[in-house]
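build me a structure from this.
(chains A and B)
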Amino acid sequence: MTRSERSSIPGWRRFIESRFDREFLQKIQALPTRQNEYGYDPFGFHRDEAIAGIYLAHLMYRYYFRAEVAGVENVPRGRALLISNHSGQLPFDGLVIGASMLFAKDPPRIVRSMIDHFVPTLPYVGATLTRWGQIIGTPENCRHLLNDEEVIVVFPEGARGVSKPFSKRYQLQEFGMGFMRLALETNTPIVPVAVIGAEEQAPCFNIKPLARLMGIPAFPMMPFPPFFPAVPLPTKYRVYFGEAMYFAGDPDQDDEELRPAVTQVRNTIQSMIHLGLKARKHVFW
Amino acid sequence: MADAKQRIVITGIAGRLGRLLAKRLHRTGTLEIIGIDRRPFEDKPADVVHKRVDIRSKRTRDVFRTQPISALVHLGLMHDPRRSNRTHHQWNVVGTQHLLEYCMHFRVPKVIVVSSTSVYGPRPENPQFLTEDSPLLAAQDDPGALSLVEADMLASSFFWKYREGETVILRPVHILGQVANAASNYLRMDRIPVLMGYDPMMQVIHEADVVEAVCAALEPGVRGIYNVVGPGEVPISVLIREAGRPTFPIPHLAAPFVAKLFWNLGLAPFRGTELNHLRYVCMVDGSRAREELGFRATRTIKEAVHAALDDTY
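Numbers count the residues shown, from 1 in each chain, chains lettered A, B, ... in the order given. Sure thing, here's the model as predicted:
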């Protein structure tokens, strides 16, 4: 890199790049994503700008949640759907899964996760997440990315999972069927993922009348300051990647016919959660 | 286009795209070109016939009545914020309806309507790449787009109604060049307004590539609706940087008022109803045109942006 090229890099990026070793940065540069002559992929992901997100993920993953990762080698090459439990009021489990694919896997993979439809309406947030590789959660987008051999994380519990109260921790909520149709349609292996620790990061109870009044799925509240689950507790994360599962069949069949396969994935994740809970000694370390 | 002396009618021929298309088709030498436009057509090739009539008038019908026409290319949709909604409706909806009626009545074997991908509308819920089957929702947030959506829908229903002919609807992405459309006008502004905190991905296409797409659609056997995409996708900030213009950031909550103020003062070429294009994606999947028309844009994003600015790039 010449001097003039170097000085055109903004200060924040030079700082972040100095925090990573050269080898890791080279691997990031070699991430298998498509990009055009301006460095953007069709969904707006840009490696140089994503380094800020990667750094944030690194800090949360290594120093805040001190994540332990097992089985990341189970994620096959090429397209894959990571199916995980979802919890903790704020989607830090998605962040840590993404981070473990970057820092625990060699070569690293960038995980594309789905963001909600309202996110693009927020200034700065939507634009930044797009640069970091996040995509709007529509089936068309998933299909497109899987056909481009990318890795996608899907939480079939959706909002039911992320907003569930503390009393329901580690109990998987009902699974949606969309991920299975997607897997069958694009012939994608499913990797079950169990995240331990996220379910205690924001111990909330749900004030149902308020939720109903405001027309939102849940109104979570913590029994101690800051009351709103804005900052997660520094629980210790343990992320387990199970063996890839392959399914075949007609993606357009009825929900009832798909249910056995979905239940199989759900049960696998549930038993991985049980094993993980049994193995850990403490919530915070 | 193999048969000798086919007659092609082009509406909006005096516009930039019409002139480019007329010259491009004229070069083939085997076509007789008849243009319909009430505007003057400077530097017109000598044997191109230019009828200075309004597409809404009865004299347009005479063009179809007096001679057999082998194709209509309808480029004459109007999108000019300085004209009223009423004029837009009359021109785009009533005008298009009349043209399609003439085509059906006088058995024109090929009808091409050039719409745009703006008819899908920029929305936060949009998938990154809309297909041709996506609903046309532009008028939901931008009433100014209503007549364009209606014209596109008229053409789509004509496609089903008139099965003995071949109807093609082309929906190109933002066309850049010397055309006087919203996207090119936007990049030609001295200070380009942007919304703070928003930077949606965008597709653009060089005007000459659109002309090539129309030519591909003129081939016999081609019918259907096609999204026409350019060389790739970039954030709007990259287009502005490529244009080398300073930006004028506005908080999005204030933007409708600022835009209206500037419009009323005559300082901006936009009414401010199109602001969602600066916030949300409205990109399309161009694979159908690639596979069935064999169409691929050959000009780069850089060339397209500089074509709009008309600098010496």
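
spatially nearest residue to the residue of the stretch 51-200 of chain A found nearest chain B (excluding sequence neighbours)?
Residue of the stretch 51-200 of chain A nearest chain B, by Cβ to the nearest Cβ: A:Pro123 (2.7 Å). The C-beta positions use only the backbone N, C-alpha and C, and glycine is treated the same way. Distances taken as Cβ to Cβ, 6 or more residues apart in numbering or on different chains put B:Gly197 closest to A:Pro123, at 2.7 Å, once the chain neighbours are dropped.

pLDDT at the closest residue to A:Phe241 other than its chain neighbours, what is it?
In this structure, A:Phe241 finds its nearest non-sequential neighbour in A:Gly71, 3.8 Å apart by Cβ to Cβ, 6+ apart. pLDDT, A:Gly71: 92.

which parts of the stretch 51-200 of chain A are helices?
For the stretch 51-200 of chain A, the helices defined by DSSP state H, counting those that start in this stretch occupy A:92-103, A:125-131, A:139-147, A:159-162, A:178-186.

weakest of those by average pLDDT?
Among the helices of the stretch 51-200 of chain A, helix A:159-162 scores lowest, at a mean of 82.

so which bits of that helix are buried?
A:160-162 (16 or more other Cβ atoms under 10 Å in any protein chain shown).

near chain B, which of these show up?
When the buried residues of helix A:159-162 are filtered against chain B using Cβ under 8 Å from any Cβ of the partner chain, no residues are retained.

sorry, back to before: out of the helices of the stretch 51-200 of chain A, which is the most enclosed?
helix A:92-103 (a mean of 24; mean count of other Cβ atoms under 10 Å in any protein chain shown).

how far does that one sit from its chain's centre?
Distance of helix A:92-103 from its chain centroid, counting by Cα atoms, centre = their mean, to the nearest Å, is 6 Å.

next one: stretch A:100-113
11 Å.

check stretch B:240-254 too.
Distance, centroid of stretch B:240-254 to centroid of chain: 24 Å (Cα atoms, centre = their mean).

with stretch A:120-133 instead?
16 Å.

next, the distance between the ends of it.
13 Å (Cα to Cα, to the nearest Å).

cool, and stretch A:198-205?
15 Å.

that one: which residues count as buried?
For stretch A:198-205, by 16+ other Cβ under 10 Å, it's A:198-204.

and for stretch A:43-61?
For stretch A:43-61, using 16+ other Cβ under 10 Å, the buried residues are A:43-47, A:49-55, A:57-58, A:60-61.

how close does the closest residue to chain A within the stretch 101-250 of chain B get to B:Pro249?
Across the stretch 101-250 of chain B, the shortest distance to chain A (Cβ to the nearest Cβ) belongs to B:Gly197, at 2.7 Å. B:Gly197 sits 9 Å away from B:Pro249, going by Cβ to Cβ, to the nearest Å.

count of residues packed around the closest residue in space to B:Pro251 that isn't next to it in sequence?
Nearest residue to B:Pro251, sequence neighbours excluded (Cβ to Cβ, 6+ apart): B:Met196, at 5.2 Å. By the criterion of other Cβ atoms under 10 Å in any protein chain shown, B:Met196 has 16 neighbours.

residue contacts, B:Met196?
B:Met196 makes contact with A:123-124, B:249-252 under the criterion Cβ atoms under 8 Å, 6 or more residues apart in numbering or on different chains.

point out the ones among the residues you listed that are inside strands.
Residues of the contacts of B:Met196 located in strands (DSSP state E): B:249-250.

now compare the contacts of B:Met196 and name the two farthest from each other.
Across the contacts of B:Met196, the two members that end up farthest from each other (Cβ to Cβ) are A:Tyr124 and B:Ile250, 14.2 Å apart.

out of the buried residues of stretch A:43-61, which are close to chain B?
A:43-44.

and stretch A:148-164, which residues are buried?
Going by 16+ other Cβ under 10 Å, stretch A:148-164 has these buried residues: A:148, A:150-158, A:160-164.

the residue of the stretch 101-250 of chain B closest to chain A and A:Thr121 touch, don't they?
No - with contact defined as Cβ atoms under 8 Å, B:Gly197 does not reach A:Thr121; the gap is 10.5 Å.

return the residues in contact with the residue nearest in space to the middle of chain A.
Centroid check for chain A by Cα atoms, centre = their mean gives A:Gly94 as the closest residue, at 2.4 Å. By Cβ under 8 Å, 6+ apart, the contact set of A:Gly94 is A:84, A:86, A:113, A:153, A:155.
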